[in-house]
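# next input, structure requested:
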Amino acid sequence: MTIHLVADWRRVLSRAWSMRLVYLAVAVLVLAEIAQWAVEIAYLPPIWSLLLRLAGVALMIAAIPARVLLQKEFHDE
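Numbering: from 1, shown residues only. This is a model prediction of the structure:
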């Protein structure tokens, strides 16, 4: 089994909704790590960190169907 990149992989990385959701999820998860650190310092309940982590996971799950659904700008007719 060999793995091949799509011919326009740079375009996919910059314009596909699935990749945008992945980028957003990564940003949310990084923000959750920062929030966790801030919560530990301030001795606040860690609910914000948990909510940010759940949002990141939800975005990653949303990226799966976004990757496999037909996107008009990438469809060769």
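# contact partners for R67?
Residues counted as contacts of R67 (Cβ atoms under 8 Å, 6 or more residues apart in numbering) are A16, S18. For every residue, glycine as well, the C-beta is placed using N, CA and C.
# tell me which element it is part of?
Using DSSP states H and E, R67 sits in helix 47-68.
# show me what counts as buried in that helix.
For helix 47-68, the neighbour count (16 or more other Cβ atoms under 10 Å) marks S49, L52, R53, A55, G56, L59, M60, A62, A63, A66 as buried.
# buried set for the longest helix seen in the chain?
Scanning the chain for the longest helix, with DSSP state H as the assignment, gives helix 17-42. Buried residues in helix 17-42, counting neighbours by 16+ other Cβ under 10 Å, are found at S18, L21, V22, L24, A25, V28, L29, L31, A32, A35, Q36, V39.
# show me what that helix is packed up against.
helix 47-68 (3 or more Cβ pairs under 8 Å, 6 or more residues apart in numbering; DSSP states H and E).
# I'd say A32 and I47 touch.
No. Using Cβ atoms under 8 Å, A32 makes no contact with I47, being 11.5 Å away.
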